[in-house]
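Enquirer: here is the input, now give the coordinates:
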Amino acid sequence: MSEYGTWRRVSREGRRFLRGRARTLRRLALWSLLESAHTFLGGYAVARALDDGFLAGRTGTGIGWLAVAGGGALLGALALRGVFGGLADLVEPLRDGLVRRSVRQAIGRAVADPARESRAGDSGAVSRLTQQTEMARDSFAGLVLIARSFVFTALGALLGLAALAPVLLILVLPALLLGTAGFLTTLRPMARVQRAALDADEALSARTGELAAGLRDVVACGGGAGAGAGVELLIAEQERLTGRLARWTALRTLALGVAGRLPVVVLLAGTPWLLGRGVSAGAVAGALTYLVQSLLPALDALMTAVGAAGTRLLVVLDRFCDPESEPEPDSGPASGTPTRGPGPVVAPPARPAPPALPSLPDPPAPAVELRRVRFAYGPRAHPVLDGLDLVVRPGEHLAVVGPSGIGKSTLTALIAGLLPADRGTVRVAGAPARGAPGQAAPGYGPDARRTLLPQQAYVFTGTVHENLTHLCPGPVSRGELERATAVLGADALVARLGGPDALVDPGRLTPGERQHLALTAAYLSPAPLLLLDEATCHLDPRTEERAEWALAERPGTLVVVAHRISSAVRADRVLVLDGTRAVCGTHAELPDRSPLYRDLVGLWNAHG
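Expert: Numbers count the residues shown, from 1 in each chain. Below you'll find the predicted structure:
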C-alpha cells in the first residue's frame, strides 16, 4: 500500500476515534487556551516593561509588568496540570482499543488459516500486542501533548507579535516557513523507512519463532548454517534500514536548525531596520522573547515529535487498521490469508517465504544428571543420599555445601564413577557415570569426560613438568605450561622448586603446595568436567579464590565441594545437603529456602 493509502486509512480511523471523544478534546482545548494567555503575556509584558517602565525611567511600572509575566507563568503551570488529566482520558482508550483489535485480527487469521497457526503461531501478532501497542500509546501521547502545545503557543506568540508591531511577522514568518517546508519533505521518506523497519521486525520475529520451534531438527541435521542464513539476512536488512533512517534524521535535524535558529538571526540582523521604522526597543525585545522562549522551542519540539513519534505512529497504526475494500492492482487469488471487507476479497501482498527449515538436533546433554539417586554404605546402613535429583548444565559452576559426613564426598565419588548408586541413575555427558565405552575397568579406568581432585592431592616423584601434565593425553608446550602456572598463581611455586625440569619430592612439599600443583594439572586437563572434593582446603583464601576463578573460566563444568562459604558465593548455583533434603539455588536466594545454609552463611559472616 502506498503512503497515501496508509495516510488515508489511518486518518479515517483516527477521525472515527476522535469523534467519539469530542468532550475530552474540548476540555483539552479550554485548558490550552490558558497556555496561549501565558505565551502572550510572556513577550508582551517584557516589551511593556522596557518601553513603559525601565527605558522611560519608571522602575515600578517595569517591575509591575514583569510581575504580570510571572502571573502568566502560573497560568501555564495550571494549564499543564489540567492538560495531563485530559490526556490520560484520550490515550488509554486508544491503547485498549488497539489491544482488542490485535487479538481480533490474530483470531481472524487463525480461523482463516488454522494449519499455519498450529505450526508456528502468529509472531507478528505478539509483536503488535506487546511492543507495537505500547509504541502507539507512547507516540500518540507525546504527539498530542506537543502538537496541542505548539498550536496554542504559536497562537499566543503570533498574536503577541502582531500586537507589538505587525511588521515583525513579515520579518520572522518567512524563515519559519522555510525551515518547516524543509522538514515536511522528510516526512514521507521517513514513514516509508519506518514501515520497512517494522516489516523487517515482524519478519525477524516470525523467523526466529519458526527456528525455535524446529531447533532440535535443525541441529540434528547439521543445518544450523543454512537455517541461520535467513536470520542473518533479516538482521542485515534491519541494519541497512537503520542507516537510512539515520540519514533522513540528519536532514531533518538540518531543517530543525533552519526553523529554530534562522528567525532569531533574521530578527537580530534586521533590528537596525526595525528601529529606523519606529519599532521600539521593547517591541524587539518582546519579539525575541516570543521566539526564544515560546515559538521556536515549541516548533522544535513539534518537528522532533512529528519526525520521530509521528511517522512511527502512522506506520504502527496502519497495522491495526481494517484493510481497504478496493482491490489492489493485479491482485488475483494470491497466496496468503485473504482479508475481508465490504468489497471484493483482497489478498495482502505476498512476502517472500522463508527458506525451508532443516531438521534440528537435540540440545547438548547435561554435564551431570542424577535422577532419584539413593546410596548407603551397606545394605542396612542409613542412606547417605536418598532420592537426589540434580542437573548440572554444561559450563556451569556448582558448589556443594553441608556439614561434615553429610554426603558431599560421596556425591563426587558417584559422579566420578568410583561408587555405584543403589538406586537411580547417574549420568555424565549423557552416558552412565560407570562403565563408559573404552574404559579399562568400569568406574576406575581413565575417563576423558572428567577429572576428580580429592582432598589429598596426588603428587608423584618426577619432574614438575610431569606432575603438571600427567592428565593430558598429548604433549604440552613450555608456553602452555607457563601460562597455566601464571593463571593459577603457581609460577612462584614452580620457580621455587627449580623450574619445570626440576625433580619433585612429594614428601618435602606442604599439603597446600601439593594441592596447588594438582589444581594446575587439572587446569591443563582436557576433561570437560572437573570435580574438586575440598581440593583447596589447605590453600589460603586468596590463593583458593584465584584458583577457583581460573578453573571456572576454563572451558567446561566445575563442581566444587566447598571448604569455605566464599566458594559458594563465587558459584553459579549452590547445592545444600542437609541430611533430610537437598536444596539447590543461587547464593542470594538460598538463605530464604534453607535454614542450614542461612546458619552456615551467618557463621561465616560472624567469623569474617
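Enquirer: contacts, neighbours, all on C-alpha from now
Expert: Noted.
Enquirer: residues making contact with stretch 539-552?
Expert: For stretch 539-552, contacts defined as CA atoms under 8 Å, 6 or more residues apart in numbering pick out 397, 487-489, 512, 515-516, 519, 523, 536, 558, 567, 570.
Enquirer: for those, work out which two are farthest apart.
Expert: Distance extremes for the contacts of stretch 539-552: the farthest pair is H397 and G512 at 22.7 Å, using CA to CA.
Enquirer: and Y377, how far from P383?
Expert: The gap separating Y377 from P383 is 7 Å, by CA to CA, to the nearest Å.
Enquirer: these two: who's more crowded?
Expert: Shown here are Y377 and P383; by other CA atoms under 10 Å, P383 has more neighbours (16 against 12).
Enquirer: secondary structure class for R380?
Expert: Put simply, R380 is coil when judged by DSSP: H, G, I helix; E, B strand; the rest coil.
Enquirer: H397 and G512: who's more crowded?
Expert: Per other CA under 10 Å, whichever of H397 and G512 has more neighbours is H397, with 24 against 18.
Enquirer: state the distance from the more buried one to A367.
Expert: The value you get for H397 to A367, if CA to CA is used, is 11 Å.
Enquirer: what do the two both touch?
Expert: T557.
Enquirer: re the thing from before, let's have the contacts of stretch 539-552 in a markdown table, adding pLDDT and distance to F150.
Expert: Formatted as a markdown table, the contacts of stretch 539-552 follow (pLDDT from 0 to 100; distance: CA to CA, whole Å):
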| residue | pLDDT | distance to F150 |
| --- | --- | --- |
| H397 | 92 | 58 |
| V487 | 91 | 63 |
| L488 | 89 | 66 |
| G489 | 89 | 67 |
| G512 | 90 | 75 |
| Q515 | 90 | 74 |
| H516 | 92 | 72 |
| L519 | 92 | 70 |
| Y523 | 91 | 67 |
| T536 | 86 | 70 |
| L558 | 92 | 62 |
| S567 | 86 | 61 |
| R570 | 88 | 56 |
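Enquirer: can I get these in a markdown table including secondary structure?
Expert: Output for the contacts of stretch 539-552, formatted as a markdown table (three-state DSSP):
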| residue | secondary structure |
| --- | --- |
| H397 | strand |
| V487 | helix |
| L488 | helix |
| G489 | coil |
| G512 | helix |
| Q515 | helix |
| H516 | helix |
| L519 | helix |
| Y523 | helix |
| T536 | coil |
| L558 | strand |
| S567 | helix |
| R570 | helix |
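Enquirer: out of these, who's nearest L414?
Expert: L558 (15.4 Å).
Enquirer: surely the closest one and L530 touch.
Expert: Yes. L558 lies in contact with L530 (CA atoms under 8 Å); the separation is 5.0 Å.
Enquirer: now the strands for the protein?
Expert: Using DSSP state E, the strands of the chain run over 368-375, 385-392, 397-401, 423-428, 431-432, 450-453, 462-463, 503-504, 529-533, 557-561, 573-577, 582-585.
Enquirer: can you redo those strands as TSV with distance to S280?
Expert: Compiled in TSV, the strands of the chain are given as follows (distance: least, CA to CA, whole Å):
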stretch	distance to S280
strand 368-375	87
strand 385-392	83
strand 397-401	79
strand 423-428	91
strand 431-432	94
strand 450-453	91
strand 462-463	99
strand 503-504	100
strand 529-533	87
strand 557-561	82
strand 573-577	77
strand 582-585	77
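Enquirer: L30: which of those is closest?
Expert: So among the strands of the chain, strand 582-585 is nearest, using CA to CA, at 58.5 Å.
Enquirer: who does the closest one pair up with?
Expert: Strand pairing for strand 582-585, determined by DSSP bridges: strand 573-577 (antiparallel).
Enquirer: quick one: mean pLDDT over the strand it pairs with.
Expert: Per-residue pLDDT values over strand 573-577 give a mean of 90.
Enquirer: and for stretch 428-443?
Expert: Rounded mean pLDDT across stretch 428-443 is 63.
Enquirer: likewise for stretch 589-602?
Expert: Mean pLDDT, computed over stretch 589-602, is 83.
Enquirer: now swap in stretch 47-54 and tell me
Expert: 87.
Enquirer: again with stretch 257-276
Expert: Mean pLDDT, stretch 257-276: 84.
Enquirer: can you name the residues in contact with that stretch?
Expert: Contacts for stretch 257-276 (CA under 8 Å, 6+ apart): 171-173, 175-180, 281, 284, 288, 291-292, 296-297, 299-300.
Enquirer: next, the buried residues of it.
Expert: Neighbour-count burial for stretch 257-276 flags 258-264, 267, 270-271, 274 (criterion: 16 or more other CA atoms under 10 Å).
Enquirer: can you pull out the low-pLDDT segments for the stretch 401-550 of the chain?
Expert: When residues are selected by pLDDT under 70, those of the stretch 401-550 of the chain lie in 435-446.
Enquirer: show me where it has helices.
Expert: Using DSSP state H, counting those that start in this stretch, the helices of the stretch 401-550 of the chain run over 408-416, 464-469, 478-488, 491-497, 511-524, 541-553.
Enquirer: for V68, which of those helices is the nearest?
Expert: For these, distance to V68 was read as CA to CA. The smallest value, 68.7 Å, belongs to helix 541-553.
Enquirer: for the closest one, list the C-alpha coordinates in PDB.
Expert: The C-alpha trace of helix 541-553 is given here as PDB (Å, rounded to 0.1, in the frame of the first residue of the first chain):
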ATOM      1  CA  PRO A 541      41.600 -17.900  51.000                       C
ATOM      2  CA  ARG A 542      43.300 -15.600  48.400                       C
ATOM      3  CA  THR A 543      45.000 -18.500  46.600                       C
ATOM      4  CA  GLU A 544      41.800 -20.500  46.700                       C
ATOM      5  CA  GLU A 545      39.800 -17.700  45.200                       C
ATOM      6  CA  ARG A 546      42.300 -17.200  42.400                       C
ATOM      7  CA  ALA A 547      42.400 -21.000  41.600                       C
ATOM      8  CA  GLU A 548      38.600 -21.300  41.600                       C
ATOM      9  CA  TRP A 549      38.100 -18.300  39.400                       C
ATOM     10  CA  ALA A 550      40.700 -19.700  36.900                       C
ATOM     11  CA  LEU A 551      39.100 -23.200  36.900                       C
ATOM     12  CA  ALA A 552      35.600 -21.600  36.500                       C
ATOM     13  CA  GLU A 553      36.800 -19.600  33.500                       C
END
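Enquirer: can you pull the buried residues of that helix?
Expert: Applying 16+ other CA under 10 Å to helix 541-553 flags 543-545, 547-552 as buried.
Enquirer: equivalent analysis for stretch 406-425, please.
Expert: Under 16+ other CA under 10 Å, the buried positions of stretch 406-425 are 406-422, 424-425.
Enquirer: now do stretch 23-31
Expert: Buried, per 16+ other CA under 10 Å, within stretch 23-31: 24-25, 28-29, 31.
Enquirer: what are the boundaries of the helices in the stretch 251-400 of the chain?
Expert: So, for the stretch 251-400 of the chain - with DSSP H, counting those that start in this stretch - the helices run 271-276, 281-289, 296-305, 311-320.
Enquirer: which of those helices has the lowest mean pLDDT?
Expert: helix 311-320 (a mean of 58).
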